[in-house]
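Visitor: No sequence on hand, only this structure:
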């Protein structure tokens, strides 16, 4: 009976904490984030410094080149960690930006209703009709390449799903009594959207937003793999994997190390998203 | 049904028109023209080239010319491959892409539905666990990681299949098709499993069983029709997924399909080719979305009247 005065959030948190796979994934993800952002400081060089005495050194776990070096004598592990910084930062910031844009757009459309809603959602539908990767490639061409262009292109294509989901939620919220009361009390539409509609969509947004992160990371590495995204000498998991495939018949570690990191991150993010979904809407299953 | 089809076609046409306009202006606004990478060329030559590709005309006139050409299925000349039109390049690459796309979808649908059904009928059994594992791998391991790994294992180490290229005929397509099908197998089997578990609990299935209809007929006549609806709905998005995947697959396995042409064209700023392939992809996705809606509407009255 002690459970009685737990708030919804506490209940949801408790449900999530009981999910072993999801909790393990949280720890794996945290560990990878920490290693990527702090790890490079432990080495006396950066991922762009060439060590001409150790070119193409194999992975022998000998300090300082634990996983060896690439054809230019650059340390593989440090490059993978630095690439991880880029991939993870783009992943989380991208999902956050796409989420914020999508939530606001959807909340406004759903709350406004009528013509505004029709027009706004028709735009979303048309954008939805495009093959998503094509759009990302076109946009990153338009923005002229580089990290920022890549980021903008990915955000521009990924805000659609949260917009659709939030709009459905906002539509039903707009008819509820407390929103009616807020309107009668003289709150402006803008303040109602920010103060009442958006906070009540949070749980839906967290569930679907958590799926956005792996999607952004995947898009980034996909484009960098093709040579359209982040380019040498800056490292990213995508272009490191690409470099790894070029040498895979002689030396697999160049492929396996960045690939392993990427897969570990995508796996844990997917398990976390599953866990969040189970915790936030148990009726779904 | 007629009105339903008309509405879908109208929406599809609108999307396609938006796509044409968007790609055209995105390509015009993008920095760096198709000829800016080349060596320095004299102004006269540049003027000649620009005249040949009508780059000296006002933008709206170029747009009108492009749309007029499209209506005659003329995508214009490629700016990089001299003497080839965009149509020629697409025609040479499309058979490859369609072949691997077709087989990948077919295999993904058969294996995915099979795995999902087996998993749903014997939950937590051996097949269910295998399906779950395939599902996790297919969703979390990107094509550009698993593709090279398969190349190393099956081509370089075991020497069963060619690494890539087109010299070995159909045997060269086995690995690409499997790798392309994998994420879709994962998705379809998950989808089938959940939807089948739900359908098995429905009242009409219980009624059918209570009436004494045999297990096999309940399955084919009452469960499958309902359970496969979400799977059919996935066919449209699957087309987009296959296109996305084929871009990577053709790069990884060095196949001369349109996905690879698309990436090369994007990197070389061959704008007419980029636009031609974009439009083709867009049209394919729109077409398959309409087809999917039609099949769904035919199977499920709620969709066509909704």
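Guide: Structure's in. What do you need? Everything numeric in this text was worked out from a predicted model, so none of it was measured. Residues are numbered from 1 along each chain as shown, chains lettered A, B, ... in the order given.
Visitor: ok, residue A:196 touching residue A:173?
Guide: Yes: Residue A:196 is within contact range of residue A:173, at 7.3 Å (criterion: CB atoms under 8 Å). Yep, even glycine has a C-beta here, placed from its N, CA and C like the rest.
Visitor: Overlap in contacts, those two.
Guide: Common contact partners of residue A:196 and residue A:173 (CB atoms under 8 Å, 6 or more residues apart in numbering or on different chains): residue A:179.
Visitor: Where does pLDDT dip in the stretch 101-250 of chain B?
Guide: Within the stretch 101-250 of chain B, no stretch has pLDDT under 70.
Visitor: Helices of that one, start to end?
Guide: Secondary structure of the stretch 101-250 of chain B (DSSP state H, counting those that start in this stretch): helices at B:126-140, B:143-150, B:174-200, B:203-210, B:215-217, B:224-227, B:229-233, B:235-252.
Visitor: Let's have the ones you listed in TSV, adding distance to chain A and mean neighbour count.
Guide: Listed next are the helices of the stretch 101-250 of chain B as TSV, based on distance: least, CB to the nearest CB, whole Å; neighbours: other CB atoms under 10 Å in any protein chain shown:
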stretch	distance to chain A	mean neighbour count
helix B:126-140	4	17
helix B:143-150	4	23
helix B:174-200	8	23
helix B:203-210	19	13
helix B:215-217	25	10
helix B:224-227	16	18
helix B:229-233	14	18
helix B:235-252	4	24
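Visitor: In chain A, what helix or strand scores lowest on average pLDDT?
Guide: Ranked by mean pLDDT, DSSP states H and E, the helix or strand of chain A with the weakest confidence is helix A:132-142, at a mean of 75.
Visitor: helices or strands up against that one?
Guide: Contacts defined by 3 or more CB pairs under 8 Å, 6 or more residues apart in numbering or on different chains; DSSP states H and E place helix A:132-142 against helix A:147-158, helix A:198-226, helix B:2-29, helix B:235-252, helix B:258-268, helix B:271-299.
Visitor: orientation of the third one relative to helix A:132-142 in degrees?
Guide: Just to be clear, that refers to helix B:2-29. Interaxial angle, helix B:2-29 versus helix A:132-142 (axes from the mean of the first three to the mean of the last three CA atoms, to 10 degrees): 30 degrees.
Visitor: Name the residues of whichever helix or strand comes after helix B:2-29 that come out as buried.
Guide: Remark: after helix B:2-29, the chain's next helix or strand is helix B:43-52, criterion DSSP states H and E. For helix B:43-52, burial by neighbour count (16 or more other CB atoms under 10 Å in any protein chain shown) applies to B:46, B:49.
Visitor: What's the mean pLDDT across helix B:43-52?
Guide: If you average the pLDDT over helix B:43-52, you get 74.
Visitor: if we can go back for a sec, just send the helices and strands packed on helix A:132-142 back as JSON lines, with distance to residue B:152 too.
Guide: Listed next are these as JSON lines, based on distance: least, CB to CB, whole Å:
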{"stretch": "helix A:147-158", "distance to residue B:152": "28"}
{"stretch": "helix A:198-226", "distance to residue B:152": "16"}
{"stretch": "helix B:2-29", "distance to residue B:152": "37"}
{"stretch": "helix B:235-252", "distance to residue B:152": "12"}
{"stretch": "helix B:258-268", "distance to residue B:152": "21"}
{"stretch": "helix B:271-299", "distance to residue B:152": "30"}
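Visitor: now residue B:256, what's its secondary structure?
Guide: Classification of residue B:256 by DSSP: H, G, I helix; E, B strand; the rest coil places it in coil.
Visitor: what about the helices in chain A?
Guide: A:8-18, A:20-38, A:76-112, A:114-128, A:132-142, A:147-158, A:160-174, A:177-184, A:189-192, A:198-226, A:237-246, A:253-280 (DSSP state H).
Visitor: where's the residue nearest the centre of chain A relative to chain B, distance?
Guide: Closest to where the C-alpha atoms of chain A average out (CA atoms, centre = their mean) is residue A:213, at 1.9 Å. Note on residue A:213: its distance to chain B, by CB to the nearest CB, to the nearest Å, is 13 Å.
Visitor: For the closest residue to that residue other than its chain neighbours, give me its contacts.
Guide: Of all residues not flanking residue A:213 in the chain, residue A:95 sits nearest, at 4.3 Å (CB to CB, 6 or more residues apart in numbering or on different chains). Neighbouring residues of residue A:95 by CB under 8 Å, 6+ apart: A:158, A:209, A:212, A:213, A:215, A:216.
Visitor: What pLDDT does the model give residue A:30?
Guide: Per-residue confidence at residue A:30 stands at 91 (pLDDT).
Visitor: Report how many residues lie close to it.
Guide: 11 (other CB atoms under 10 Å in any protein chain shown).
Visitor: Could you do residue A:7 as well?
Guide: A total of 8 residues lie near residue A:7 under the criterion other CB under 10 Å.
Visitor: got a pLDDT number for it?
Guide: 75.
Visitor: Which residues are in contact with it?
Guide: With CB under 8 Å, 6+ apart, residue A:7 has no contacts at all.
Visitor: which phi and psi does it have?
Guide: phi -80, psi 170 (degrees, to the nearest 10).
Visitor: And it, how far from residue B:49?
Guide: Between residue A:7 and residue B:49 the distance, using CB to CB, to the nearest Å, works out to 69 Å.
Visitor: Over to residue B:164?
Guide: 35 Å.
Visitor: do the same with residue B:57
Guide: Distance of residue B:57 to residue B:49, given as CB to CB: 14 Å.
Visitor: go on, residue B:228?
Guide: Distance of residue B:228 to residue B:49, computed by CB to CB: 54 Å.
Visitor: from what I can see residue A:143 touches residue A:154, true?
Guide: No: shown here, residue A:143 and residue A:154 do not form a contact pair, counting by CB under 8 Å, at 10.8 Å.
Visitor: what's the nearest residue to residue A:265 if we skip its chain neighbours?
Guide: residue A:32 (5.9 Å).
Visitor: Please read the previous query as pertaining to residue A:136.
Guide: That would be residue A:153: by CB to CB, 6+ apart, it lies 4.8 Å from residue A:136.
Visitor: What about that neighbour, how many residues nearby?
Guide: By other CB under 10 Å, 26 other residues sit near residue A:153.
Visitor: contacting residues for it?
Guide: Residues near residue A:153 by CB under 8 Å, 6+ apart: A:135, A:136, A:137, A:139, A:140, A:142, A:143.
Visitor: 10 Å - rerun?
Guide: By CB atoms under 10 Å, 6 or more residues apart in numbering or on different chains, residue A:153 lies in contact with A:94, A:135-143, A:145, A:219-220, A:223, A:228-229.
Visitor: Check it and give its pLDDT.
Guide: At residue A:153, the predicted lDDT confidence score is 80.
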